[in-house]
Structures are given as structure tokens and as C-alpha cells.
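# kindly generate the corresponding structure for this input.
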Amino acid sequence: MRTTSVALGLITAINLIACSVGAATAEPPLILERTIPLENVSGRIDHMAIDRVGRRLFIAELGNDSVDVIDLRAGKVLHRINGLKEPQGIGYLADQDVVVIANGGDGSVRFFHAEDLSPLGTIALGNDADNVRIDPSSGHVLVGYGNGGLAIIDPATQSMLKDIKLAGHPESFQLAPKTGRAFANVPDAQQVAVVDLKAGKQVAAWKTPGLAANFPMALDSTGRRLAIVFRSPAKLALLDPATGAVTESLDTCGDADDVFFDGKRNRIYVSCGDGAIDVVQGSPEGFELSGRVPTASGARTSLFVPELDRFFVAVRAGSNGSGAAILVFRPSP
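Here you go, the predicted model:
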């Protein structure tokens, strides 16, 4: 009951701030639609995945060793998978109704049937299994892990097809199906790795002088713009995916962990641990910051789902007794 009341207080406070900003200018670019409490969840929350047809949201609760399954229609938690080992990355295979969970604590990648959460199998990568991506062209599961690895896994047999070596632990990475490439942030090596997925090897390393700690990454739907957010200094940079050249850069919020393109509105969303979402608007002249939407300290992981036109932000439990929650934002036109 206490978590629910705190969540309602949070949604009211953010709405009041948004309304005050909207009254002074225009409607805010993101409108908080609802808050979904995550009962009995402590510690850091990491990445999310979506079942668009079934309207289920999967939350990797790293500090709680659990994954929650949220029914977005009802706005509540349906199920929880316990007994995990620091779940970080998560993916959903729609054609098989299977959830894939990468665990940082023991390096395992675990497969579950999404309907009843029954276990389907495990593959051991060694250590620090992190971000998960599903290759839409092949159905393969890709997982960044360890001190420098990108694993390509066949979900049908739960076996590794390729193990691509990188110069350091990969953070966010993106797939470019049209070119058969992947781009991976490797902050410890201060580079963006370019990977040929068919050949199973890194083919280029892009450097970004003066910019370090590259964690979030997004590729737009056309495959023509690569967005990378750096934490030192806090900058959003747009790169040409063909050459790695930085075409634009601008200041952004601190401690960023996720970035997304909104192609419908020509926007970019950056979620940051310092308690804000930066909304960056594109125009013929370039991109510029158009709004900073408040969230909560430490709320740095997010997921934008264009098909649902919703932006989800994970809020961890606070030291003041506030409960963990998922903030659901609706972009304004």
C-alpha cells in the first residue's frame, strides 16, 4: 500500500511540473500517463523488453535478482521470475513466445517460456552477460558479455554459433540488418566497434576524440544515423554509420543509459540517472534540445516502443522509502 501511495505521489508531482512548464510554453513533449508500482523490488533496475502483441513489458531487476512481467493493459505486475543472478539484458522472441535473460552475476543466458515462465534452457557465457538484441533477419540472439565478447546464439538449440572478440566489454550495441553489421560501444577501449556479423569479426574501430564513456546507442529506422551518448562529458553525438564521422553533437543530461529515435516526430529521447529525460528535436537545421522532462534520481534505463507510441522509464526504490516503479510517458504530437 505504501509503494502505491508513493507512486501516486510521484506521478502527481511530475504532472504538476509538466503542467507548469506547459502553461508557460507549449504542451510538454512527454506526458506522464501512468505509474506502475513494482512491489518489493530493491536495488538497480536494468533493461526492458516488450511483447507488443500481448502488451507485456519485461523488466530486468538487477539488484533484486528478478524479472517482472507487467500487463500493460491492466497496469500491474502479472508474474515474477526469482532466483536470477543480476539480470541485465533481456529480449523477447515473438515467434516463439520466449524471454531471454542475460545475467551479469554468473554470465548465463537463460530462456523461459513467456506464457508460464517455465525454464527452457541455459547457455553459459562465462561472466558479465549484458545487453541482448534479437536479429530480425535471422532470429538469432546476440549478447554482449565478458571482457570483450559478442555471442551469437541459436535460440532453438540454445547453442553458440559465433563468438566475436572485441577490445573490451560491450555496452549498448545495435544491429543494422540492411548491411549485416553491428555497432558496439566499447568504453574501456574508447571506441565504437564495427562488426561484420556474417564474417564473425570486428572490421573497424571508430575513435571519438574528446568524448569518453560511451554507453547508450541507437540506430534510426533508416539506418542512416547512429546516436551515441557519452558520459564524459555528457554529450549526444550523431555519427554517419558508413564512416563513423561525427556529424552533430550537443550537450545532454548526465549519467545516460538509454537513447532512442522517435521517427514519427523526428526526435531523440535520452534517459539519464541524474533524474531527467532529454527530448532532442530534429529540424532541417539540425537537432537541438527542446525539453527536459523530470523523472527521479537513478532512473536511467528506459524503452521507447514506436508501435505502442509509449516511452517507459524504470525508477529504482529510493533511500527515503519511495518504491520502485515504471513511468509510462505518452509523447505529445
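# assign a three-state SS to Gly63, would you?
helix (DSSP: H, G, I helix; E, B strand; the rest coil).
# is it true that it touches Gly43?
Yes. Look at Gly63 against Gly43 with C-beta atoms under 8 Å: they come within range, at 1.5 Å. Every C-beta, even on glycine, is put in place using the N, C-alpha and C of the backbone.
# next, show the common contact partners of those two.
Each of Arg316 lies in contact with both Gly63 and Gly43 under the rule C-beta atoms under 8 Å, 6 or more residues apart in numbering.
# I'd say Gly149 and Asp163 touch.
Yes. Using C-beta under 8 Å, Gly149 is in contact with Asp163, at 6.0 Å.
# more neighbours: these two, which one.
Gly149 (22 against 14; other C-beta atoms under 10 Å).
# what residues are up against the more buried one?
Leu125, Gly126, Asp163, Ile164, Lys165, Leu166, Pro170.
# how close does it get to Gly254?
29 Å (C-beta to C-beta, to the nearest Å).
# so the closest residue to Val69 other than its chain neighbours is in which element?
Spatial nearest neighbour of Val69, chain neighbours left out: His79 (4.4 Å); criterion: C-beta to C-beta, 6 or more residues apart in numbering. If you go by DSSP states H and E, His79 is part of strand 76-81.
# now the very next helix or strand once past that strand: how far from the chain's centre is it?
Once strand 76-81 ends, the next helix or strand along the chain (criterion: DSSP H and E) is strand 87-93. Offset of strand 87-93 from its chain centre (C-alpha atoms, centre = their mean, to the nearest Å): 10 Å.
# quick check: which helices or strands does the next helix or strand after strand 87-93 pack against?
For strand 87-93, the following helix or strand on the C-terminal side (DSSP H and E) is strand 98-103. Under the contact definition 3 or more C-beta pairs under 8 Å, 6 or more residues apart in numbering; DSSP states H and E, strand 98-103 sits against strand 87-93, strand 108-113, strand 132-134, strand 141-145.
# hey, which of these is tucked in deepest?
strand 141-145 (a mean of 27; mean count of other C-beta atoms under 10 Å).
# who does that one pair up with?
strand 132-134 (antiparallel), strand 149-154 (antiparallel) (DSSP bridges).
# any chance of those in JSON lines, plus distance to Leu30 and mean pLDDT?
What follows is the strands paired with strand 141-145, written out as JSON lines (distance: least, C-beta to C-beta, whole Å; pLDDT from 0 to 100):
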{"stretch": "strand 132-134", "distance to Leu30": "25", "mean pLDDT": "98"}
{"stretch": "strand 149-154", "distance to Leu30": "32", "mean pLDDT": "98"}
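# contacts for stretch 139-148 next, please.
With C-beta under 8 Å, 6+ apart, stretch 139-148 has contacts from 89, 91, 93, 95, 100, 102, 107, 109, 125-135, 150-155, 161, 165-171, 173, 175, 182, 184, 186.
# and what of stretch 117-129?
69, 79, 81, 88-89, 98-99, 102-104, 106-113, 143-147, 149, 151, 153, 158-160, 169.
# ok now the host helix or strand of Val67, how far from the chain's centre?
According to DSSP H and E, Val67 maps onto strand 66-71. For strand 66-71, the distance from its own C-alpha centre to the chain's C-alpha centre is 16 Å (C-alpha atoms, centre = their mean).
# direction included, what does it pair against?
Sheet pairing for strand 66-71, assigned by DSSP bridges, gives strand 56-61 (antiparallel), strand 76-81 (antiparallel).
# so which of these comes closest to Arg34?
Comparison of the strands paired with strand 66-71 against Arg34 by C-beta to C-beta identifies strand 76-81 as nearest, at 10.5 Å.
# and the angle from the closest one to strand 98-103?
60 degrees (axes from the mean of the first three to the mean of the last three C-alpha atoms, to 10 degrees).
# list the buried residues of strand 76-81.
By neighbour count with 16 or more other C-beta atoms under 10 Å, strand 76-81 contains the buried residues Val77, Arg80, Ile81.
# who's in contact with that strand?
Here strand 76-81 makes contact (C-beta under 8 Å, 6+ apart) with 36-39, 56, 66-71, 101, 112, 117.
# any idea of the mean pLDDT for that strand?
Across strand 76-81, pLDDT averages out at 97.
# and this protein, split by domain according to the record?
Here the domain parsing of the chain from automatic domain parsing is 1-42+208-333, 45-167.
# with distance to Asp196 added, can I get the ones you listed in CSV?
Shown next, in CSV, are these (distance: least, C-beta to C-beta, whole Å):
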stretch, distance to Asp196
domain 1-42+208-333, 14
domain 45-167, 9
